[in-house]
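Asker: sequence and predicted model, in that order:
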Amino acid sequence: MGDKTMTAEEAVSRLESGMTLGIGGWGSRRKPMALVRALLRSDVRDLTVVSYGGPEVGMLAAAGRLRKLVTAFVTLDSIPLEPHYRAARERGAFELAEIDEAMFMWGLRAAANRLPFLPVRAGLGSDVMRINPGLRTVTSPYEDGETFVAMPALRLDAALVHVNRADRLGNGQYLGPDPYFDDLFCAAAESAYLSCERVVDTEELAKTGGPQSLLVKRHRVTGVVEAPGGAHFTSCAPDHDRDEAFQKLYATTPWPEFSARFLAGDEAAYRAAVAAWREEGA
């Protein structure tokens with residue numbers, strides 16, 4: 001168990017076009033945006049993305065990197081529908097598999113346990129089955145004989161997640177109100193890249209929060225990226241809230257203009273561009 005720290009660029013260099021990529025977080029909360037920005041600066045494309053979607057989906061869709069999206073929703077939370085995602089979807093830029101939130105979770109659990117599927121009641125009696133004709137049902141072999149949706153495993157080639165703290169070995173800690181299933185994304189993936197607000201000594205993880213806060217275990221993690229503010233403009237409580245003003249700018253700016261101004265350089269250039277924008281509005 002050695003030092004797994006690397007840069008965002010080094011993590012992204014291990015990804016390949018055509019992969020199935022899981023992205024943690026939830027809506028516009030604790031998204032691994034520094035890793036997503038590094039991904040947008042790369043040549044990786046033709047991705048199948050599995051996500052409780054937020055701005056990372058909108059950015060990848062607008063940039064033409066998606067082949068398929070598997071999701072339960074795509075939202076900016078305070079802005080209900082992600083506008084860049086909507087625009088790309090309306091022009092038919094990628095394939096969409098939209099499923100129930102619980103089905104999504106059980107698909108991750110099936111993959112984490114290396115099972116082909118898991119039975120779930122969610123989806124029965126809804127249009128989920130109609131719009132996803134590849135889904136199948138399964139009958140309980142016991143006396144109840146109940147019918148369930150056989151939710152297939154959401155197997156991932158790689159996962160990107162962001163947490164509050166991590167050590168160099170790959171143990172990841174969340175300090176906010178919700179784990180957002182990031183542990184399942186890592187467990188469902190062949191490789192997982194964990195960005196964090198701060199890399200600390202392992203001993204400090206035990207001092208900062210209880211055992212339940214140690215969300216991601218080191219044996220699930222391939223690389224650790226220290227990225228202060230790496231979830232921006234999404235929230236990463238308690239380290240920082242969502243940057244609502246910047247999120248509104250993102251949502252109302254044409255993609256070519258936004259990407260040229262804020263995504264043309266490295267992460268330092270991104271932070272400088274955001275700071276310059278704030279100065280303009282001061």
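Answerer: Great, that's in hand.
Asker: and Leu60, which of the three is it?
Answerer: Using DSSP: H, G, I helix; E, B strand; the rest coil, the structure places Leu60 in helix.
Asker: that one contacts Asp46, doesn't it?
Answerer: No - with contacts counted by CB atoms under 8 Å, Leu60 stays clear of Asp46, the gap being 11.1 Å. All C-beta atoms are positioned from the backbone trio N, CA, C, and that covers glycine.
Asker: which of those two has more neighbours?
Answerer: Leu60 (27 against 14; other CB atoms under 10 Å).
Asker: which ones are touching the residue lying closest to that one once chain neighbours are set aside?
Answerer: Excluding its sequence neighbours, the residue lying closest to Leu60 (CB to CB, 6 or more residues apart in numbering) is Leu66, at 5.4 Å. Leu66 sits next to Leu47, Thr48, Val49, Val57, Leu60, Ala88, Ala93, Phe94 when contact means CB atoms under 8 Å, 6 or more residues apart in numbering.
Asker: nearest to Pro80, of the residues you listed?
Answerer: Val57 (14.2 Å; CB to CB).
Asker: how near is the closest one to Pro119?
Answerer: 28 Å (CB to CB, to the nearest Å).
Asker: report pLDDT for Pro209.
Answerer: For the record, residue 209 is Gly, not Pro. We have a pLDDT of 86 for Gly209.
Asker: got the contact list for it?
Answerer: Going by CB under 8 Å, 6+ apart, Gly209 touches Gln173, Leu175.
Asker: distance of it relative to Lys217?
Answerer: Distance, Gly209 to Lys217, by CB to CB: 15 Å.
Asker: could you check the pLDDT of Ala282?
Answerer: Reported pLDDT for Ala282: 66.
Asker: what's the answer for Met1, then?
Answerer: What the model reports as pLDDT for Met1 is 62.
Asker: so what does the one helix or strand Ala11 maps to touch, helix or strand wise?
Answerer: For Ala11, the host element (DSSP states H and E) is helix 8-12. Under the contact definition 3 or more CB pairs under 8 Å, 6 or more residues apart in numbering; DSSP states H and E, helix 8-12 sits against helix 33-40, strand 189-199, strand 223-226.
Asker: show me where pLDDT drops low in the chain?
Answerer: Scanning the chain for pLDDT under 70 picks out 1, 282.
Asker: tell me where it has strands.
Answerer: Counting by DSSP state E, one finds strands in the chain at the ranges 20-23, 47-53, 66-74, 95-98, 117-120, 136-139, 147-152, 156-166, 172-173, 189-199, 223-226.
Asker: now the fourth one: buried residues?
Answerer: Pointing back at strand 95-98 there. Leu96, Ala97, Glu98 (16 or more other CB atoms under 10 Å).
Asker: can you tell me what sits against it?
Answerer: Contact with strand 95-98 is made by Arg67, Lys68, Leu69, Val70, Thr71, Ala72, Arg89, Val128, Ile131, Asn132, as judged by CB under 8 Å, 6+ apart.
Asker: again, 10 Å this time
Answerer: 48, 50, 53, 66-74, 85, 89, 104, 127-128, 131-132, 134-135, 154 (CB atoms under 10 Å, 6 or more residues apart in numbering).
Asker: just give the strands next to that strand in its sheet, each with its orientation.
Answerer: Using DSSP bridges, strand 95-98 pairs in its sheet with strand 66-74 (parallel).
Asker: go through the strand it pairs with and flag the buried ones.
Answerer: Buried residues in strand 66-74, defined by neighbour count with 16+ other CB under 10 Å: Leu66, Arg67, Leu69, Val70, Thr71, Ala72, Phe73, Val74.
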